[in-house]
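Engineer: pasting a predicted model and its sequence here:
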Amino acid sequence: MKTADVAWMLGDIGIGLMSWINLIAILFLQKPAFAALKDYERQMRLGVEPVFHPSELGISNAEYWEGDRAERNLEIEANEGIENQPMAQGLRNLIRSFYGKD
């Protein structure tokens, strides 16, 4: 019986530590996340295909998205489609339905 109690106690401690680490990470990431969300919503209101440019939002250390990466990704999707990428297609449909852009 003691072994089970110790296992549950260690599990509780592990979950508690992960929760605190996640809360701290959320505090650090809230500003860039809200900036990206506001920019996305602005682009949706304008009726343009949203693209992510971190430098325009003051977000650093996003090397993957520097330059015209967002435009190139849209071009690849337009040429090749996203049918072969079910996760991307499902996510895009979910976001568009949330914003009423079916």
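Structural biologist: Sure, I can see it.
Engineer: low-confidence stretches in the chain?
Structural biologist: Applying pLDDT under 70 to the chain picks out residues 1, 81-89, 101-102.
Engineer: which strands and helices lie in contact with the helix or strand harbouring N73?
Structural biologist: Using DSSP states H and E, N73 sits in helix 69-80. Helices and strands touching helix 69-80, as assessed by 3 or more C-beta pairs under 8 Å, 6 or more residues apart in numbering; DSSP states H and E, are absent. Quick note: C-beta positions are derived from backbone N, CA and C, even for glycine.
Engineer: centre of the chain to that helix, how far?
Structural biologist: 18 Å (C-alpha atoms, centre = their mean, to the nearest Å).
Engineer: repeat that for stretch 2-15.
Structural biologist: The chain centre lies 33 Å from the centre of stretch 2-15; the measure is C-alpha atoms, centre = their mean.
Engineer: which parts of this protein are helices?
Structural biologist: With DSSP state H as the criterion, the chain has helices at 2-46, 69-80, 86-98.
Engineer: other residues contacting the second one?
Structural biologist: Okay, so that is helix 69-80. Identification of contacts with helix 69-80 by C-beta atoms under 8 Å, 6 or more residues apart in numbering yields E49, V51, F52, H53, A88.
Engineer: for the third one, what are its contacts?
Structural biologist: Okay, so that is F52. The contact partners of F52, by C-beta under 8 Å, 6+ apart, come to A36, D39, Y40, W65, A70.
Engineer: excluding its backbone neighbours, what's nearest the first one?
Structural biologist: Distances taken as C-beta to C-beta, 6 or more residues apart in numbering put L57 closest to A36, at 6.2 Å, once the chain neighbours are dropped.
Engineer: pretty sure that neighbour contacts A33?
Structural biologist: No. Using C-beta atoms under 8 Å, L57 is not in contact with A33, being 10.3 Å away.
Engineer: ok, these two, which is more surrounded?
Structural biologist: The residue with more neighbours, out of L57 and A33, is L57; 16 against 12, by other C-beta atoms under 10 Å.
Engineer: any idea how far that one lies from G11?
Structural biologist: 39 Å (C-beta to C-beta, to the nearest Å).
Engineer: residues touching A35, list them.
Structural biologist: Shown in contact with A35 (C-beta under 8 Å, 6+ apart): L57, G58, I59.
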